[in-house]
Every structure is written in C-alpha cells, then in structure tokens.
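Colleague: how would this look folded up:
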Amino acid sequence: MKRIPLALSLASAAALAAIASCTRQEKPPPVPPSEVLARRVKGALPAADPASGEWAAAPEHVSKLLLQDQTEPKLAQATVESVRVRALHDGQKIAFCMEWLDASADRLSGPSRFSDAAAVQVPLAAGGDVPDAAMGQRKKAVRIHLWKAEWQEELEKGVDPVKALYPNVTVDHYPYDQADAKARPAMEALYAPAKALGNPVAARRSDAPTQDLAAEGFGTLTPLHEQVSTGRGVHDGKRWAVTIARPLDPREGEALRAGARTYAAFAVWDGAAGNVGARKMRTTWIPLLLEGAP
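Modeller: Down below sits the predicted model:
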C-alpha cells in the first residue's frame, strides 16, 4: 500500500475543510435601512390598524432612542432602547407605524402617574436645511403629531380619567352649560381659563387620540388651529405598536409631498418610568423618502 506523505495529507484535509466551510457559509444579514421609506400603496392605508399585515410592504427602520437631556426637566435614564418605524402613503395621506418594547400599558395619568405616548415630528419646510431636531428653532418650525394612550382609552372606552382616579368625585354643574349660544363663549373663557389661554391639553379635540402641534424651540409648543391627524395604539403585553397618520402637504415648499425627500424624528414616553412632558426618549432627524407615482 502506497503511503501518502503527512504534509500532503494535512494540506488536502485543510483544503477540503475550507471548501466545506465556504459551501455552508450563510449570507450576512441585510443591512438595516438608514432612512424611512414611505412606500406608496394603491388601496386604503392601514392608518388605524397597527397589526395590519400591510405594514410588511414598507421596510423597517430601527433607530436608537436618545435621552432628552438638553433642557429641564431632563430625563436621567432611558427605559426604551430603540423604536422600529415603517411608513406608507397613498398620495393623499401618510401613515407611520412605531413599535417599541414596553412591558406595561399605562393608560391613565394622575399624581405620580403618567400615560404612555408617542410622537412624529417633521419640518415645516421642504429641503435639507432642517432645524434642530429637539423641537425646531426660531423661524424654522416643526410640526409634531402626538398620540397618548390615555386619550385613546377615553375615546374608545368612554373612560373619564378624573372619575377613574377619584371614583367619588361629583360635579354640580358648569355655569356655561345653561348659557345661550351668544353668551357661552365669554362664559367658557371665564370658567375654563386653560382652554381660553390655549393650553395644549385643554385645546385638544375629543374625536381622536392625537394632537397636532407646532414648535420653534423649547418652550414654544403650540396647538395648531387645524387638527388633522389620527392614530391608534395596540399593546400585546410586551410592546406598543402605534400608528399616526396625517394628510400630505398640498402646497409647494412644504415637506410632506409624494416623491419628496425630507426628514422625520420620533419620540416615546414610558409612563411607568415617569416620562412626561420634556422627559422623553427621542431620535435625531432620520431621512424620510416618500415614494413617487406608482
């Protein structure tokens, strides 16, 4: 029997192992997209259904969440690491779907108790000269579309948050309830000062769990005159999935138009961790591309 030299035998074995390794090598995972691509769809948007399978048509962007630590009251500790975002539009409206891990669904606010929430922020003007991602800056406004779990609870289940927290509360009457149409506005301003002064919470409409606001920096948050967004959240025991939808911009020079390239930023509030107001987790500006005509 012919003997094979040991060195040659080892070299052959190494070559065969390398070939076997190459044939079994798995493809590297796809690189996550660096932008949010809003796919254009022909049918109705799943604007009110975060669990719809139609969201699979849009690529998922995963963004790290940052602490809001630029102004008081700052957030000292993050409890949510990242948010997953998808977007769809139909040429008339755009809808975002945000998902993040949160073991508790916080749907009521009260003393030391806060609601879970989420928001989408977009610049007012088109183009790449975007303002500061933290609430915009002077003469460079941003629009913010805010969803809150407590607003949805009140809308869908008729939950009165005051009575839910204080079951024995009673109200005799509000003086303006009996006023005629001509006198009522003045009486509402007298007996509902928060609403009269434009308090963002008091000014929110009651037919959607969202509110539309504008800002030009910290301390300038103002409700928009026209409230146009809609939204809905679903909690599965481990995570929130929330949709926020709004019309596209009808005028040239504004950011949200079919075929446009702009930016968006996202924010999340974890009520159980004391997140409220400025104490939130947010992203930086993320490129947003709205797919053009099909």
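Colleague: list the buried ones in stretch 48-66?
Modeller: Across stretch 48-66, burial judged by 16 or more other Cβ atoms under 10 Å covers Asp49, Pro50, Ser52, Glu54, Trp55, Ala58, Pro59, Glu60, His61, Ser63, Leu65, Leu66. No exception for glycine: its C-beta is placed from N, CA and C like everyone else's.
Colleague: what's the answer for stretch 177-186, then?
Modeller: Buried residues in stretch 177-186 (16+ other Cβ under 10 Å): none.
Colleague: cool, stretch 247-260 as well?
Modeller: Neighbour-count burial for stretch 247-260 flags Leu248, Asp249, Glu254, Ala255, Leu256, Arg257, Ala258, Ala260 (criterion: 16+ other Cβ under 10 Å).
Colleague: Low-confidence ranges, the stretch 51-200 of the chain, go.
Modeller: Within the stretch 51-200 of the chain, the segments meeting pLDDT under 70 span 198, 200.
Colleague: pretty sure Ala196 contacts Pro185?
Modeller: No: if you go by Cβ atoms under 8 Å, Ala196 and Pro185 don't touch, sitting 9.1 Å apart.
Colleague: What segments of the stretch 151-294 of the chain are helices?
Modeller: In the stretch 151-294 of the chain, the helices defined using DSSP state H, counting those that start in this stretch lie at 161-165, 184-191, 193-196.
Colleague: Quick one, which of these gets closest to Ala133.
Modeller: Closest approach to Ala133 among these (Cβ to Cβ): helix 193-196, 29.2 Å.
Colleague: so how far is that closest one from its chain's centroid?
Modeller: Centroid separation for helix 193-196 versus its chain: 28 Å, with Cα atoms, centre = their mean, to the nearest Å.
Colleague: before we move on, what about stretch 125-137?
Modeller: In this view, stretch 125-137 has its centroid 17 Å away from the chain centroid, taken as Cα atoms, centre = their mean.
Colleague: So for that stretch, what gets flagged as buried?
Modeller: Buried residues in stretch 125-137, defined by neighbour count with 16+ other Cβ under 10 Å: Ala126, Val130, Pro131, Asp132, Ala133, Ala134, Met135, Gly136, Gln137.
Colleague: Can you tell me which of the residues you listed is closest to Pro161?
Modeller: Nearest to Pro161 among those is Met135, at 26.1 Å by Cβ to Cβ.
Colleague: Show me the beta-bridge partners of the closest residue to the closest one other than its chain neighbours.
Modeller: With sequence-adjacent residues excluded and distances taken as Cβ to Cβ, 6 or more residues apart in numbering, Met135 is closest to Ala215, at 4.5 Å. Beta-bridge partners for Ala215, by DSSP bridges, are Val142.
Colleague: Look up how far Ala278 lies from Ala215.
Modeller: For Ala215, the distance to Ala278 (Cβ to Cβ, to the nearest Å) stands at 12 Å.
Colleague: With Ser206 instead?
Modeller: According to Cβ to Cβ, Ser206 and Ala278 sit 25 Å apart.
Colleague: ok so, going back, what about the residue nearest to Met135, how many neighbours?
Modeller: Neighbourhood size, Ala215 [other Cβ atoms under 10 Å]: 19.
Colleague: and if you look at the one 10 residues further on?
Modeller: Burial measure for His225: 8 neighbouring residues, criterion other Cβ under 10 Å.
Colleague: ditto for Pro161
Modeller: By the criterion of other Cβ under 10 Å, Pro161 has 17 neighbours.
Colleague: now do Thr262
Modeller: The local packing of Thr262 (other Cβ under 10 Å) involves 23 other residues.
Colleague: so Ala47 makes contact with Ala95?
Modeller: Yes: checked against Cβ under 8 Å, the pair Ala47 and Ala95 is within contact range at 4.4 Å.
Colleague: which residue is nearest the middle of the chain?
Modeller: Centroid-nearest residue in the chain, with Cα atoms, centre = their mean: Ala119, separated by 3.7 Å.
Colleague: so how far is Lys157 from that one?
Modeller: Ala119 is 22 Å from Lys157, where distance means Cβ to Cβ.
Colleague: One more: Pro111?
Modeller: 22 Å.
Colleague: More neighbours: these two, which one.
Modeller: Remark: of Pro111 and Lys157, Lys157 carries more neighbours, 9 against 5, as counted by other Cβ under 10 Å.
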